[in-house]
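S.K.: Just to be clear, the model below is a prediction. Sequence and coordinates:
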Amino acid sequence: MDLVSVVRGLSGLLWLGALGVLGLLVVRATRHQPVKSLVRTLLALAAAAILVTTVGAGLVFVPPQERGVVISALSPTGYRSQALTPGLHWIVPYVEYVVYYPISKQTYTMSSTPSEGAVEGDDSIKARTADGQLVYMDASVIFSIDPAKVVEVHIAWQDRYAHELVRPLVRGVIRDAVSQFRIEEVISTKRFELEQMISKTLAQRLEENGLTLEGFVLRNIAFTDEYAQAIEQKQIAEQKALQAKFVVEQKKQEAEQARQVAQGQADAAVIKAKGDAQARVIQAQAEAQALQLIAEVLQNNPDLLTYQYIEKLAPGVQVMLVPNDAPYLLPLPSMTPAPTATPTPTPQEAQP
């Protein structure tokens with residue numbers, strides 16, 4: 001409880017006491033009883049009530065979140081040029097009074113939802129884009145009164161600044177900004193740029209009228225039913241196009257996979273053929289080297305071939321019948337027993 005409230009409360013009690021004494025005085029006077037003491041008490045209470053009431057009328061307390069504009073009958077302009085700052089102040093009783101203005105942040109909302117905005121019902125902002133499309137925008141503006149310009153705001157707007165200054169100013173700035181963008185830019189690519197443009201312009205216009213822009217929020221953007229249907233159809237078409245593109249890419253991947261498999265099989269066949277050819281070459285080279293070695297051995301040992309031939313024949317063969325015109329590769333064994341050699345006597349044996 002501040003001092004001003006205490007003084008005004010005391011003033012009220014004194015006036016009630018004065019009225020009580022006055023009532024008692026009337027009762028005693030009608031009964032022809034002495035009232036002299038009551039008259040003195042009444043006069044004292046009345047004087048004290050008038051004094052305390054006057055002091056209470058002159059004392060003014062300004063809270064920290066407010067500023068006070070003094071309306072004065074003593075000033076040529078009708079008001080004091082400087083607003084009262086927070087704290088306890090004295091004004092001239094009965095010829096001056098104070099109008100309080102908040103300097104804390106205030107929010108003004110315009111929305112299509114009836115219970116959200118400052119105005120009941122659909123209060124969204126209707127604007128037309130550069131390509132002629134109609135959009136409905138919900139917005140909130142956060143602002144405050146410049147403490148140094150409270151007197152100017154009072155003179156120009158009094159307490160009507162929210163509805164008669166902020167509201168039309170915001171709606172006009174939004175319409176002007178939206179008209180510079182196409183519908184696609186408003187809803188997607190340049191929405192942030194749009195908000196920045198609105199905030200910059202709005203801050204300048206509010207400052208000219210003694211207000212400070214604390215923030216701007218573009219809450220929602222809605223379209224006409226026709227454009228919403230067009231967007232939906234476009235999205236469906238885009239989804240179909242993406243699906244078709246996905247199918248094409250899938251087919252390409254499958255074809256590429258089949259090509260790679262075929263290429264792998266072909267490469268494997270080529271590698272196998274090369275391996276077989278190299279194996280045959282190595283085998284031929286080995287055979288040639290073997291034949292070369294055999295030829296060299298036969299050249300040095302001609303009877304070896306005959307020996308190998310005989311080794312291949314069945315054991316015990318004594319007779320072979322061959323055609324008369326067949327070439328003889330081997331010398332035929334003799335059909336008669338070999339002659340027995342007769343030893344020649346030496347001269348010593350010939351002598352008796």
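M.R.: Nice, I can see it.
S.K.: The helix or strand hosting V297 - contacts with which helices or strands?
M.R.: Using DSSP states H and E, V297 falls within helix 225-300. For helix 225-300, the elements it packs on are helix 303-312, judged by 3 or more CB pairs under 8 Å, 6 or more residues apart in numbering; DSSP states H and E. Every C-beta, even on glycine, is put in place using the N, C-alpha and C of the backbone.
S.K.: Looking at the helix holding V297 now, give me its mean pLDDT.
M.R.: Mean pLDDT, computed over helix 225-300, is 80.
S.K.: And stretch 14-23, by the same measure?
M.R.: On average, the pLDDT along stretch 14-23 is 88.
S.K.: again with stretch 97-104
M.R.: 95.
S.K.: Now it: buried residues?
M.R.: Y97, V98, V99, Y100, Y101, I103 (16 or more other CB atoms under 10 Å).
S.K.: what do you get for stretch 69-79?
M.R.: Neighbour counts over stretch 69-79 (16+ other CB under 10 Å) mark V69, V70, I71, S72, Y79 as buried.
S.K.: what bits of the stretch 101-250 of the chain have low per-residue confidence?
M.R.: 228, 230-232, 235 (pLDDT under 70).
S.K.: So which residues of it form strands?
M.R.: Secondary structure of the stretch 101-250 of the chain by DSSP state E, counting those that start in this stretch: the strands cover 106-110, 125-128, 134-145, 211-223.
S.K.: The third one - contacts with which helices or strands?
M.R.: What that stands for is strand 134-145. Secondary elements touching strand 134-145 (3+ CB pairs under 8 Å, 6+ apart): strand 96-102, strand 106-110, strand 125-128, helix 167-178, strand 211-223.
S.K.: how far does it sit from the chain's center?
M.R.: Taking the mean of its C-alpha atoms, strand 134-145 sits 23 Å from the chain's own mean (CA atoms, centre = their mean, to the nearest Å).
S.K.: what do you get for the shortest one?
M.R.: For strand 125-128, the separation from the chain centroid amounts to 27 Å (computed by CA atoms, centre = their mean).
S.K.: End to end on stretch 62-77, go ahead and measure it.
M.R.: End-to-end distance for stretch 62-77, by CA to CA, to the nearest Å: 22 Å.
S.K.: what's the closest residue to A73 other than its chain neighbours sitting at in phi/psi?
M.R.: Once flanking residues are discounted, A73 sits nearest to V95: 4.4 Å by CB to CB, 6 or more residues apart in numbering. Here is the backbone geometry of V95 (degrees, to the nearest 10): phi -120, psi -10.
S.K.: so how far is A237 from V95?
M.R.: In this view, V95 and A237 are 76 Å apart by CB to CB, to the nearest Å.
S.K.: try V6
M.R.: According to CB to CB, V6 stands 75 Å off from A237.
S.K.: got it, and V27?
M.R.: 96 Å.
S.K.: ok, now A162?
M.R.: Taking CB to CB, one finds A162 at 46 Å from A237.
S.K.: Mind checking which of the two has more residues around it?
M.R.: In this view A162 and A237 are compared by other CB atoms under 10 Å, and A162 has more residues nearby, 16 against 10.
S.K.: For P64, which non-adjacent residue is spatially closest?
M.R.: Closest residue to P64 apart from its sequence neighbours, by CB to CB, 6+ apart: P86 at 4.5 Å.
S.K.: Now do the contacts for that neighbour.
M.R.: With contact taken as CB atoms under 8 Å, 6 or more residues apart in numbering, P86 is in contact with V62, P63, P64, E66, R67.
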